[in-house]
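Chemist: next one to model:
(one chain, ligands or ions: 1)
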Amino acid sequence: MRLDTILGAGRRPLVSCEFFPPRTDRGEENLWRCLEELAAIRPDFVSVTYGAGGSTQDRTRRIVTRIRRETALPPVAHLTCVGATREDIAALLDEYRAHGIENILALRGDPPEGMDRFEAVAGGFEHATDLIAFIHERGGFAIACATYPEGHPESPNGVDDDIRYLKMKQDLGASAAITQYFFDNSAWFSFMEKAAAAGVTMPVIPGIMPIVNFPQIARFSAMCGATIPDWLRKRMEPLADDPAAMMAAGIEIATEQCRELVDAGAPGLHFYTLNKSAATLAIVGNLGLER
Ligand SMILES: Cc1cc2nc3c(=O)[nH]c(=O)nc-3n(C[C@H](O)[C@H](O)[C@H](O)COP(=O)(O)OP(=O)(O)OC[C@H]3O[C@@H](n4cnc5c(N)ncnc54)[C@H](O)[C@@H]3O)c2cc1C
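Modeler: Reported below is the predicted structural model:
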């Protein structure tokens, strides 16, 4: 089912889950187990990230098309500009269309390992906005995009830039946005107020990162620019040697965060599952959002 149809059906809040393509067959088996477990809460859509290298990109294609073929879950394929010409992207879109994939999350992508800044290849795209325009012009897909309530690390004017480009993404054909994760809801509230003032009317779905392993999330956050508030660090660091207590605290914190977002009218909750089901199942259960 197309994302714009899912969004237009008016069911709120939507629940969606994101997965990444594992590097090994064993990892892929684990992913399928995780997907099956999460299918129990009937997410409104599931998305699969797209890596910078060839083999994980192949896995994304395989996983997305298998989800479409073998499950009732609407898949969203992430697609980036990294290392791809417009012909490469056109060929992949054709392949997705032939397999009945209807939804693309269009991104610029992060620089591949070993490079410190993004560089478009000759004949490729510079920004997510270029990719969105290209997909929209070719037609046949509902398009989602990314946005950053705390500002993308490369945006010189912080959130104001991200809001300007978010509106541009909407004007170029995106019908929904999913945010980078954040832990302080005030960032989302203030971002949404400014986005609405700038004319952003499409649903902006907050990305939720349940904390199962705090040191890992602290590393991710340093790279992607998500702030770890002091209160969170103080609560999580003493639990470093007690994984069960850390997971329980992570579930409790994310449940409270989600409850506040839903009460404030967030159109959905997009869970960064990291290919693990337990925390997302518990949070969705606590919120009573299972279908
Ligand atoms: C929900 C979500 C899913 C993600 N999935 C993946 C994934 O599957 N694979 C992956 O590699 N990465 C993924 N990422 C990470 C993402 O690729 C990085 O954050 C990347 O650095 C920026 O991608 P973008 O699409 O937001 O880029 P853009 O929107 O192009 O923004 C990148 C920078 O350029 C600026 N900018 C944007 N448009 C313009 C313009 N038209 N002119 C000038 N400047 C502009 C922005 O202000 C920003 O600083 C994801 C991020 C999110 C939030």
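Chemist: near the ligand, which residues of the stretch 151-291 of the chain are found?
Modeler: Neighbours of the ligand within the stretch 151-291 of the chain, by Cβ under 6 Å from any ligand atom: His152, Glu154, Ser155, Asp161, Asp162, Tyr165, Ile178, Gln180, Gly207. (Each C-beta comes from the backbone N, C-alpha and C, glycine too.)
Chemist: the first one belongs to a helix, doesn't it?
Modeler: No - under DSSP: H, G, I helix; E, B strand; the rest coil, His152 falls outside any helix and is assigned coil.
Chemist: which non-adjacent residue is nearest it?
Modeler: Counting by Cβ to Cβ, 6 or more residues apart in numbering, His152 lies nearest to Asp162, which is 5.6 Å off, once chain neighbours are set aside.
Chemist: tell me if Ala144 really is in a helix.
Modeler: No - assessed with three-state DSSP, Ala144 is strand; it does not lie in a helix.
Chemist: what bridges to it?
Modeler: Leu105, Ala176 (DSSP bridges).
Chemist: C-terminal to the longest helix along the chain, what's the next element?
Modeler: Ordering each helix of the chain by length in residues (DSSP state H) puts helix 243-263 first. Proceeding N to C from helix 243-263, the next assigned helix or strand is strand 268-272, under DSSP states H and E.
Chemist: got the contact list for that next one?
Modeler: By Cβ atoms under 8 Å, 6 or more residues apart in numbering, the surrounding residues in contact with strand 268-272 are 12-18, 44, 47, 178-179, 181, 203, 205-210, 258, 261-262, 280, 283-284, 289.
Chemist: kindly format the C-alpha coordinates of stretch 98-110 as CSV.
Modeler: Output in CSV follows, covering the C-alpha atoms of stretch 98-110 (Å, rounded to 0.1, in the frame of the first residue of the first chain):
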residue,chain,number,x,y,z
ALA,A,98,8.4,-4.3,-11.1
HIS,A,99,8.3,-5.9,-7.7
GLY,A,100,5.4,-3.8,-6.5
ILE,A,101,7.3,-1.5,-4.1
GLU,A,102,5.4,1.7,-3.9
ASN,A,103,7.2,3.8,-1.2
ILE,A,104,10.7,5.4,-1.2
LEU,A,105,12.4,7.3,1.6
ALA,A,106,14.6,9.6,-0.4
LEU,A,107,17.8,10.7,1.2
ARG,A,108,21.1,12.2,0.3
GLY,A,109,22.9,9.7,2.5
ASP,A,110,26.0,9.8,4.7
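Chemist: residue ranges with poor pLDDT in this structure?
Modeler: Along the chain, the model assigns pLDDT under 70 to residues 54.
Chemist: what are the boundaries of the strands in it?
Modeler: Along the chain, the stretches classed as strands by DSSP state E are 14-19, 45-48, 75-80, 103-107, 142-147, 174-181, 204-208, 268-272.
Chemist: let me have the ones you listed in JSON lines, extended by distance to Arg117.
Modeler: Listed next are the strands of the chain as JSON lines, based on distance: least, Cβ to Cβ, whole Å:
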{"stretch": "strand 14-19", "distance to Arg117": "25"}
{"stretch": "strand 45-48", "distance to Arg117": "26"}
{"stretch": "strand 75-80", "distance to Arg117": "15"}
{"stretch": "strand 103-107", "distance to Arg117": "16"}
{"stretch": "strand 142-147", "distance to Arg117": "18"}
{"stretch": "strand 174-181", "distance to Arg117": "18"}
{"stretch": "strand 204-208", "distance to Arg117": "23"}
{"stretch": "strand 268-272", "distance to Arg117": "24"}
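Chemist: can you lay out those strands as CSV showing distance to Arg2 and mean neighbour count?
Modeler: As requested, those are exported to CSV (distance: least, Cβ to Cβ, whole Å; neighbours: other Cβ atoms under 10 Å):
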stretch, distance to Arg2, mean neighbour count
strand 14-19, 14, 25
strand 45-48, 10, 25
strand 75-80, 10, 25
strand 103-107, 6, 26
strand 142-147, 4, 25
strand 174-181, 9, 24
strand 204-208, 16, 25
strand 268-272, 15, 26
